[in-house]
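Engineer: The following block contains a protein sequence and its predicted model.
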Amino acid sequence: MARIAIVTDSNSGITQAEGKKLGVYVLPMPFDIDGQQYFEDINLTQEQFYEKLTGDADVSTSQPSPDAVMPLWDDLLKNKGYDEIVHIPMSSGLSSSCATAMMLAQDYDGKVQVVDNQRISVTMKLSVLDAMKMTEDGFSAAEIKRILEEQKFNSSIYIMVDTLKYLKKGGRITPAAAALGTLLRLKPVLQIQGEKLDAFAKARTVKQAKRIMLDAIHKDIETRMGGEANMDNLHIAAAYTPGEGVEQWLEEIRREFPDKEIIVDPLSLSISCHIGPGALAVTVTKKTEY
């Protein structure tokens, strides 16, 4: 049976320590902060990231360079004894890192399979864990890629943004819209379903935003994921960026889905840099079938 390495990036929310424990290789995402380059979980902790973000530093995301990706692949294939690699980057709709990895993989004669998984953060992490299980069950890298891509749209993330400041800073909304939204105390709800981070709804209160998100999850379960009868085959997660109300939000999700074990995970830093602290999110992901 071929030995297969699973590679992902820190957009999955998998830390370097967690990656070592799982046997997953995690590429750290680069961040440019006030003109300096940092690498997530290498020389940039979550605490330092949020300190810089809330301190009005100029923060932008980048993608792992070929000089980071190819030496890792080479080491796994030549020195670590792996026969194949399944590489799971963040959604191609959110970053060019997937397209870059696919281009680089062309030089590896099919030994590196790059999965265009259309996911990020909690839902991406679940794909990585599913890939790990499939390697244990004897699937080839090409088969794992095919299965994950066939089922890539079986997930949703809904996020309530606490402040419009970071959406304005990143150019995702105009200064006028941000000013009006702040005046009206709007709490936008964003959606990641497949390729992009999109506007989903506008709420006037946190309570209303939470209800919008939970109703959207119920609708996705009914229309796209086999209905409430299929709950055993679904993952529900509470996600967040640091701020108040996380425990309360988790309890509300538990009340909404009393028979489910709720996963709790922070949103990855690449999302946080666009939405800022204080965001609350809920996700649903259908378990990968194979």
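Structural biologist: Here it is on my side, so go on.

Engineer: State the distance from the nearest residue to Thr15 once chain neighbours are set aside to Pro266.
Structural biologist: For Thr15, the nearest residue in space outside its immediate sequence neighbours is Asp41; the separation is 5.3 Å by Cβ to Cβ, 6 or more residues apart in numbering. Using the backbone N, CA and C atoms, a C-beta is placed for each residue, glycine as well. Here Asp41 is placed at a distance of 12 Å from Pro266 (Cβ to Cβ, to the nearest Å).

Engineer: ok, the closest residue to Asp137 other than its chain neighbours to Glu136 distance?
Structural biologist: Residue nearest to Asp137 in three dimensions, not counting chain neighbours: Tyr290, with 7.7 Å by Cβ to Cβ, 6+ apart. Here the distance between Tyr290 and Glu136 works out to 12 Å (Cβ to Cβ).

Engineer: Can you show me the strands along the stretch 151-290 of the chain?
Structural biologist: Chain-ordered strands for the stretch 151-290 of the chain, with DSSP state E, counting those that start in this stretch as the definition, fall at 155-160, 187-192, 197-203, 234-240, 263-266, 280-286.

Engineer: pLDDT weak spots in this protein?
Structural biologist: For the chain, the stretches flagged by pLDDT under 70 are 168, 170-184, 195.

Engineer: report the longest helix in it, please.
Structural biologist: Of all segments of type helix in the chain, defined using DSSP state H, the longest is helix 206-224.

Engineer: who does it touch, helix- and strand-wise?
Structural biologist: In this structure, helix 206-224 makes packing contacts with strand 155-160, strand 187-192, strand 197-203, helix 246-256, strand 280-286, judged by 3 or more Cβ pairs under 8 Å, 6 or more residues apart in numbering; DSSP states H and E.

Engineer: For those, give me JSON lines that also has distance to Ala142.
Structural biologist: What follows is the helices and strands packed on helix 206-224, written out as JSON lines (distance: least, Cβ to Cβ, whole Å):
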{"stretch": "strand 155-160", "distance to Ala142": "22"}
{"stretch": "strand 187-192", "distance to Ala142": "27"}
{"stretch": "strand 197-203", "distance to Ala142": "30"}
{"stretch": "helix 246-256", "distance to Ala142": "37"}
{"stretch": "strand 280-286", "distance to Ala142": "22"}
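
Engineer: Could you point out which of the ones you listed sits nearest Leu22?
Structural biologist: When these are ranked by proximity to Leu22, the top entry is strand 280-286, at 17.6 Å, counting by Cβ to Cβ.

Engineer: got the buried residues for stretch 139-158?
Structural biologist: Judged by neighbour count using 16 or more other Cβ atoms under 10 Å, the buried positions of stretch 139-158 are 139-141, 144-145, 147-148, 151-152, 154-158.

Engineer: Show me how far that stretch is from its chain's centre.
Structural biologist: Its chain's C-alpha centre lies 14 Å from the corresponding centre of stretch 139-158 when counted by Cα atoms, centre = their mean, to the nearest Å.

Engineer: now the helices for this structure?
Structural biologist: Assignment of helices within the chain using DSSP H yields the ranges 16-22, 46-54, 66-74, 97-105, 121-136, 141-150, 165-169, 175-183, 206-224, 246-256, 269-275.

Engineer: how about the CA coordinates for the fifth one, as PDB?
Structural biologist: Read it as helix 121-136. Listed next in PDB are the C-alpha coordinates belonging to helix 121-136 (Å, rounded to 0.1, in the frame of the first residue of the first chain):
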ATOM      1  CA  SER A 121     -11.100  27.100   8.500                       C
ATOM      2  CA  VAL A 122     -13.300  24.600  10.400                       C
ATOM      3  CA  THR A 123     -14.800  23.000   7.200                       C
ATOM      4  CA  MET A 124     -11.300  22.700   5.600                       C
ATOM      5  CA  LYS A 125      -9.900  21.100   8.800                       C
ATOM      6  CA  LEU A 126     -12.700  18.400   8.500                       C
ATOM      7  CA  SER A 127     -11.600  17.700   4.900                       C
ATOM      8  CA  VAL A 128      -8.000  17.200   6.100                       C
ATOM      9  CA  LEU A 129      -9.200  14.800   8.800                       C
ATOM     10  CA  ASP A 130     -11.300  12.900   6.200                       C
ATOM     11  CA  ALA A 131      -8.200  12.700   4.000                       C
ATOM     12  CA  MET A 132      -6.200  11.200   6.800                       C
ATOM     13  CA  LYS A 133      -8.900   8.500   7.300                       C
ATOM     14  CA  MET A 134      -9.000   7.700   3.600                       C
ATOM     15  CA  THR A 135      -5.200   7.100   3.600                       C
ATOM     16  CA  GLU A 136      -5.600   4.700   6.500                       C
END
